[in-house]
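Q: below are the sequence and a predicted model for it; my questions follow.
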Amino acid sequence: MEITGMEAFDTISTINDSINDGFWNDKSIPEDIQKRIEENIYLYELEFISNGDDFCIEFLGIQLWNSEDDQREYDDDNDCYAESLESYIRKEMINVLSDLNLIKNYLTK
């Protein structure tokens, strides 16, 4: 089963909407941080990149997934991927943020 560009684009839209809704509705964020993020919110969103044939999803300049080499586990018995693209992308975003948090810890020592 191959993911189409529209399916990937819909996944990106859903996750970006989730990030934006959470950000704009989170009243616990201090005003100075909210203003800083507000000016750069587009930097924290997923990107859909295509050369016309293949496409990929990037987060903070890191490729999380691409149509040419889908890393998700495939369920041969059911002829589908074992996890949805959205679930996979959310998991990969959390991995990237965990890595960045490690780097942050080294910078604050």
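A: Now that the structure is in, tell me what you want to look at. Note that the coordinates shown come from a computational prediction; the quantities given were computed from them, not determined experimentally.
Q: pull the distance from stretch 12-28 to the chain's centre.
A: What separates the centre of stretch 12-28 from the centre of its chain is 12 Å, taken as C-alpha atoms, centre = their mean, to the nearest Å.
Q: list the buried residues of that stretch.
A: By 16 or more other C-beta atoms under 10 Å, the buried positions in stretch 12-28 come out as Ile12, Ile15, Asn16. For every residue, glycine as well, the C-beta is placed using N, CA and C.
Q: name the SS class of the second one, please.
A: Think Ile15. helix (DSSP: H, G, I helix; E, B strand; the rest coil).
Q: name the nearest residue to it, sequence neighbours excluded.
A: For Ile15, ignoring the flanking residues on the chain, the nearest one in space by C-beta to C-beta, 6 or more residues apart in numbering is Leu46 at 5.7 Å.
Q: what is the neighbour count of the one you found?
A: Leu46 has 21 neighbours, counted by other C-beta atoms under 10 Å.
Q: contacting residues around stretch 82-101?
A: 3, 7-8, 11-12, 14-15, 46, 57, 59-60, 62, 64-65, 71-75, 81 (C-beta atoms under 8 Å, 6 or more residues apart in numbering).
Q: try it again at 10 Å.
A: Outside stretch 82-101, the residues that touch it by C-beta atoms under 10 Å, 6 or more residues apart in numbering are 3, 7-8, 10-12, 14-15, 18-19, 44, 46, 57, 59-65, 70-75, 81, 104.
Q: among those, name the ones in helices.
A: The helices in this structure, assigned by DSSP state H, contain Glu7, Ala8, Asp10, Thr11, Ile12, Thr14, Ile15, Ser18, Ile19, Lys104 from the contacts of stretch 82-101.
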